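Participant: Got a predicted model here, sequence first, then my questions.
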Amino acid sequence: MADTVLFELRDNIAVLTLNRPEKLNALNYATNDLLLQLLDRLEDDNDVRALILTGAGERAFSAGGDIHEFSESVKRGPDVAVKEFVHRGQSMTARMESYRKPIIAAVNGIAFGGGCEITEAVHLAIASEKAVFAKPEINIGIPPTFGGTQRLPRLAGRKRALELLLTGDTFSPERAYQMGIVNSVVPHEDLMASAFELANRIIRHSPIAAARIITAVTRGINATISEGLQIESDQFARMVPTQDVREGLDAWIERRKPHYRGN
């Protein structure tokens, strides 16, 4: 199981690589479970300030759920299929969406189904010009199950999302950019460098401020504006007594670079 996701730490940035290239990095249950375990461990690791998620091999970020595996769950009925497949996938993408540290998807190839849903769920995403996206679940008679029917309309708008969900057609990284699924499209050979450059632009700032921003956005995006403003206020109040706030203010006043401690 350990080989299905590779882990590497480079200067406070963790790189998680989906590692089933012979299966186009399809998300079997072991991979989903290992990703959650790694996210739990890395969230409490002070040496990790941001995460980059990518796929092994030259063809795929992730082709989505492992159809052979979850088809066996489907044969055992809806209760089993929902527990083993849907809940597992939704827990994974929800965990990524609400994670306290920034997660950047480096989409290096095929991002179908669950691979596209991961891209929708993480905080930021950069796509290679060789990436290709799709919501192909309708081709096997099911709706998306890792949050795709909910996050894609929120990112792209209802009509554009429904076109992709109801046709199952592939779409380009440029269209993914236009719909807000990815932040940028870069030459394939520049993908990881671009992901690291973005991560480094983030981790120069206070890690707890970044966590408070992520929390405010994640909790507030589906709230009313008044509820969202209260969430924003609460996250600010949590920052006020921290050393990072004092350091940030002192550094600005003294015209020097801040040195954040993360507390």
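Facilitator: Thanks, I have it.

Participant: domain parsing for this protein?
Facilitator: What automatic domain parsing lists as the domains of the chain is 2-203, 207-254.

Participant: quick one, which of those is packed in tightest?
Facilitator: With neighbours defined as mean count of other Cβ atoms under 10 Å, the domains of the chain peak in mean count at domain 2-203, which reaches a mean of 19. (Glycine included, C-beta is placed from N, CA and C.)

Participant: one step back: kindly reformat the domains of the chain as TSV containing mean pLDDT and distance to Gly262.
Facilitator: Shown next, in TSV, are the domains of the chain (pLDDT from 0 to 100; distance: least, Cβ to Cβ, whole Å):
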stretch	mean pLDDT	distance to Gly262
domain 2-203	97	6
domain 207-254	96	5
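
Participant: Of those domains, give the one that comes closest to Asn263.
Facilitator: Of all the domains of the chain, domain 207-254 sits nearest to Asn263, with 5.5 Å by Cβ to Cβ.

Participant: And the closest one, end to end?
Facilitator: Distance between the two ends of domain 207-254: 21 Å, counting by Cα to Cα, to the nearest Å.

Participant: what does stretch 152-159 rub up against?
Facilitator: For stretch 152-159, the surrounding residues in contact (Cβ atoms under 8 Å, 6 or more residues apart in numbering) are 120, 135, 144, 161-162, 164-165, 179-181, 221-222.

Participant: Distance to Tyr260 added to the domains of the chain, as a markdown table?
Facilitator: Shown next, in a markdown table, are those (distance: least, Cβ to Cβ, whole Å):
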| stretch | distance to Tyr260 |
| --- | --- |
| domain 2-203 | 9 |
| domain 207-254 | 5 |
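
Participant: Show me the one of these that comes nearest Arg261.
Facilitator: Ranking those by proximity to Arg261 (Cβ to Cβ) places domain 207-254 first, at 5.5 Å.
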